[in-house]
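>>> The following block contains a protein sequence and its predicted model.
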Protein chains: 2
Amino acid sequence: MQANSTTPPDPPRSRARRKRDVLARLRDDVDLWVASADATGGAYLVPLSFVWDGSTLTVSTPRASRTAVNLVRAGRARVALGTTRDVVIVEGDVEAIPIGTDIGLEDAHANATGFDPRTLAEEYVYLRITPHSIQAWRETNELADRQLMRGGVWLD
Amino acid sequence: MQANSTTPPDPPRSRARRKRDVLARLRDDVDLWVASADATGGAYLVPLSFVWDGSTLTVSTPRASRTAVNLVRAGRARVALGTTRDVVIVEGDVEAIPIGTDIGLEDAHANATGFDPRTLAEEYVYLRITPHSIQAWRETNELADRQLMRGGVWLD
């Protein structure tokens, strides 16, 4: 989160530019980091692959995994795309979608991630995240205007 | 966490090789992802810079920040170094160290991260993480042997 002293950072990007960069990552990236927590405040963190349909993110993980149990309990997720110096933070509501519910989503997920939980012995669940907040920043000079979406609405 | 189908993954690394790779990241990387949670199970996730002293990781963040409050409450952290396809997960106990307690640590942190919280108006705190568990994997073929440290002891 802090600028490294060895190289001066680029000037801060405009909000419009950041939105374009975020949408490109959502479209092209394969993985993200998923934070979750249990009811007693035990934090968890894993990387997962995802698919973006233009308005929601979907991941898939074993139904019995800590991440799935935590996210279903909480009903919301905080995930990070990109790198620690090119951060995209998405917060959103989580909907659990059992296998067999939405074939189009399942095909899109398999195509985007290169793995298909429908083929596995262990029971997986799809978790669809509908963003209500999106932030993006690279170095500390971009922190002030990092908020790009609030309440599910892109800021101008 | 899933192998992408477009390129076959490299063969899994040995445990000794993974330990070397992990130690190189701890020594050379600047940033990591920190997951934390409040007492009611609200998860949080941010990137922070860190310094490694050979056996512990130290980050610094505002004392009033969600991450500091969460980690001090929980007394433990789960952090990730690297990328989603070259993952290092560290879990450990957290000790809060107020500014002015350990000048050597403060100098080492400033040197490693390129920022010095001692110079800022806002009150920061150092959070030292002593690892008890370390995992490392790249693709799914490395998941089986991802555990490298357990109970604070490197596995052979």
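Thanks, I have the structure now.
>>> Could you point out the longest helix of chain A?
helix A:15-28 (DSSP state H).
>>> For it, enumerate the helices and strands it packs against.
strand A:76-83, strand A:86-98, strand A:124-137, strand A:147-150 (3 or more C-beta pairs under 8 Å, 6 or more residues apart in numbering or on different chains; DSSP states H and E). From N, CA and C alone the C-beta is placed, and that goes for glycine too.
>>> so which of the ones you listed comes closest to residue B:149?
Nearest of the helices and strands packed on helix A:15-28 to residue B:149, taken as C-beta to C-beta: strand A:76-83 at 24.3 Å.
>>> elements contacting the next helix or strand along the chain from the longest helix of chain A?
Counting by DSSP states H and E, the next helix or strand C-terminal to helix A:15-28 is strand A:31-37. In terms of contacts (3+ C-beta pairs under 8 Å, 6+ apart), strand A:31-37 is packed against strand A:43-52, strand A:57-62, helix A:66-74, strand A:76-83, strand B:31-37, strand B:43-52.
>>> before we move on, the earlier item: TSV for the helices and strands packed on helix A:15-28, including mean pLDDT and mean neighbour count?
Formatted as TSV, the helices and strands packed on helix A:15-28 follow (pLDDT from 0 to 100; neighbours: other C-beta atoms under 10 Å in any protein chain shown):
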stretch	mean pLDDT	mean neighbour count
strand A:76-83	96	21
strand A:86-98	98	18
strand A:124-137	98	21
strand A:147-150	98	18
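>>> So which of these is nearest residue A:118?
Among the helices and strands packed on helix A:15-28, strand A:124-137 sits nearest to residue A:118 (C-beta to C-beta), with 7.9 Å.
>>> Centre-most residue in chain A?
residue A:79 (4.0 Å; C-alpha atoms, centre = their mean).
>>> contacting residues around that one?
A:32, A:33, A:34, A:35, A:50, A:57, A:89, A:90, A:91, A:129, B:45 (C-beta atoms under 8 Å, 6 or more residues apart in numbering or on different chains).
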